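Engineer: Would you be able to build a 3D model of this:
(one chain, ligands or ions: 1)
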Amino acid sequence: MNSSASNSNVVVASAPGKIILTGEHFVVHGSYAVAAAINKRARVTVSASKKQESQIVSEGIASPAFEDDGQFVVVKSVLAGACEEYGRPRRSFQVQIDSEIPQGSGLGSSAAIAVAASAALTSFMGKKLSNDQIWELATRAEKSVHGNPSGIDTRASLSGGIFLFNRKSGAKPIVIRGELQFLVVFSGKTRSTSELISRVGESRNMHPASFKHLAKAASFLSLQAVDALTNGDLQHLGCLMDLSQLSLSWIGVSSNELDDLIENLRTDGVLGAKITGAGGGGSIIALPKANESKSLLKKTSLDYVHAFLTSVPQEGLRWEK
Ligand code: PMV
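Structural biologist: Numbers count the residues shown, from 1 in each chain. Okay, the predicted model is just below:
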């Protein structure tokens, strides 16, 4: 925890984005899922300001912190929640957001910002929150933006690592055997998580029995993934990722472009490939064979600007200053 938080003029916190290996969407409806933090982070700097009006700033765009003008909704929701719990900050401030995670890419950009902002803003206000309190504040903000998030994204951003998650029992860290590296490819198509969550809700209402079986299967695949990870059985993990992709296609969150990308990677010999996050665009992950990560990245980067490798585990919330 940031011990010098209370009277500091500048507080900086950062948090990672995430990938989901199995169980996305179904986790909203109670299934188990497996998620991991990635090596791309969002950084939030809160500093005392001489200006009368507090501001939120990112990439040259500024917006008054206490005005609902449609900009920076996640940070504004965090701020509203923090004011409700702890009172309005007594000093003017500026919140600066710097993120390496593309927005709307399925890589947990808003959760990473929500976690870093919850930590930095409350610390600037002189409050020392426990990790669970930071998670609650960040997840509340995510709810106002995404409607019905499971909380898995904010858990990955806060705690880092790789873990099994469900809404009831929370996160259980997984101790992996051997090295684990994923290729992550952002398709370039952004989309809204809340829209996709509602679309899946509709598909559940239309086919309740089938959905129930798929939700059970998602839990099964996630529990199997824990075994594969603890045993270092990457072949099995890849197979579970492929099966997970089948269910995601069935509930309508894949697309022709994502299917083609996944198929090409399979042709290139990856152990498994699937959408990660809400889908409908966004990103995919692939599990390369040992020693093939770099060549696969090189090849994929010819067609996709946002392709990168991430190894697991990665650090969660970090106090930078
Ligand atoms: O696409 P993202 O990064 O917003 O991830 C959403 C993950 C879902 O399972 C679809 C929703 C959730 O809250 O669990």
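Engineer: How about the closest residue to the ligand within the stretch 151-300 of the chain: what's its closest non-neighbour residue?
Structural biologist: Proximity of the stretch 151-300 of the chain to the ligand (CB to the nearest ligand atom) peaks at Gly277, 2.9 Å away. Any C-beta I mention is one placed from the backbone N, CA and C, and that applies to glycine too. Spatial nearest neighbour of Gly277, chain neighbours left out: Gly106 (2.7 Å); criterion: CB to CB, 6 or more residues apart in numbering.
Engineer: cool, Ile176 as well?
Structural biologist: Leu229 (4.7 Å).
Engineer: Leaving aside the residues adjacent along the chain, what's closest to Gln103?
Structural biologist: Nearest residue to Gln103, sequence neighbours excluded (CB to CB, 6+ apart): Ser109, at 4.9 Å.
Engineer: Could you report the pLDDT at that neighbour?
Structural biologist: We note a pLDDT of 96 for Ser109 in this prediction.
Engineer: can you start the count at 377 instead of 1 from here on
Structural biologist: Sure thing, new numbering starts at 377, so read that last one as Ser485.
Engineer: For whichever helix or strand Asn415 is part of, give the mean pLDDT please.
Structural biologist: Asn415 is part of strand 409-424 when elements are defined by DSSP states H and E. Mean pLDDT, strand 409-424: 98.
Engineer: swap in stretch 635-655?
Structural biologist: The model assigns stretch 635-655 a mean pLDDT of 97.
Engineer: Would you mind getting the angle between the helix or strand harbouring Ala391 and strand 409-424?
Structural biologist: For Ala391, the enclosing helix or strand under DSSP H and E is strand 386-398. Orientation check (axes from the mean of the first three to the mean of the last three CA atoms, to 10 degrees): strand 386-398 against strand 409-424 gives 170 degrees.
Engineer: Just the buried residues of strand 386-398, please?
Structural biologist: Residues 387-398 are the ones in strand 386-398 that count as buried (16 or more other CB atoms under 10 Å).
Engineer: tell me the average confidence for that strand?
Structural biologist: For strand 386-398, mean pLDDT is 98.
Engineer: Keeping just the C-alphas, turn it into CSV.
Structural biologist: Written as CSV, here are the backbone C-alpha positions of strand 386-398 (Å, rounded to 0.1, in the frame of the first residue of the first chain):
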residue,chain,number,x,y,z
VAL,A,386,1.0,13.7,-6.7
VAL,A,387,-0.1,10.1,-6.6
VAL,A,388,0.5,7.7,-9.5
ALA,A,389,-1.0,4.2,-9.7
SER,A,390,-1.0,1.7,-12.6
ALA,A,391,-2.9,-1.5,-13.3
PRO,A,392,-2.7,-4.1,-16.1
GLY,A,393,-5.3,-5.1,-18.7
LYS,A,394,-6.3,-8.8,-18.9
ILE,A,395,-7.0,-11.8,-21.2
ILE,A,396,-9.6,-14.4,-20.5
LEU,A,397,-8.6,-18.0,-21.3
THR,A,398,-12.0,-19.7,-20.7
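Engineer: Could you show which parts of this structure are in contact with the ligand?
Structural biologist: Residues of the chain lying close to the ligand by CB under 6 Å from any ligand atom are 400-401, 403-404, 482-484, 525-526, 528-529, 569, 573, 653-654, 658.
Engineer: now do 8 Å
Structural biologist: Residues of the chain found near the ligand, taking CB under 8 Å from any ligand atom as the criterion, are 393-394, 396, 399-404, 409, 481-487, 518, 522, 524-529, 569, 572-573, 576, 629, 652-655, 658.
Engineer: Out of those, which sit inside strands?
Structural biologist: Members of the residues of the chain next to the ligand lying in strands (criterion: DSSP state E): 393-394, 396, 409, 652.
Engineer: now those as JSON lines including distance to Leu693?
Structural biologist: Shown next, in JSON lines, are these (distance: CB to CB, whole Å):
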{"residue": "Gly393", "distance to Leu693": "13"}
{"residue": "Lys394", "distance to Leu693": "13"}
{"residue": "Ile396", "distance to Leu693": "19"}
{"residue": "Ala409", "distance to Leu693": "20"}
{"residue": "Thr652", "distance to Leu693": "21"}
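Engineer: now, the most widely separated pair of the residues you listed?
Structural biologist: The span of these, defined through CB to CB, is set by Gly393 and Ala409 at 15.6 Å.
Engineer: Please name the residues that touch the most centrally placed residue in the chain.
Structural biologist: By CA atoms, centre = their mean, the chain has its centre lying nearest to Gly484, at 2.5 Å. Neighbour list for Gly484: 392-394, 477, 529, 532-533, 653 [criterion: CB atoms under 8 Å, 6 or more residues apart in numbering].
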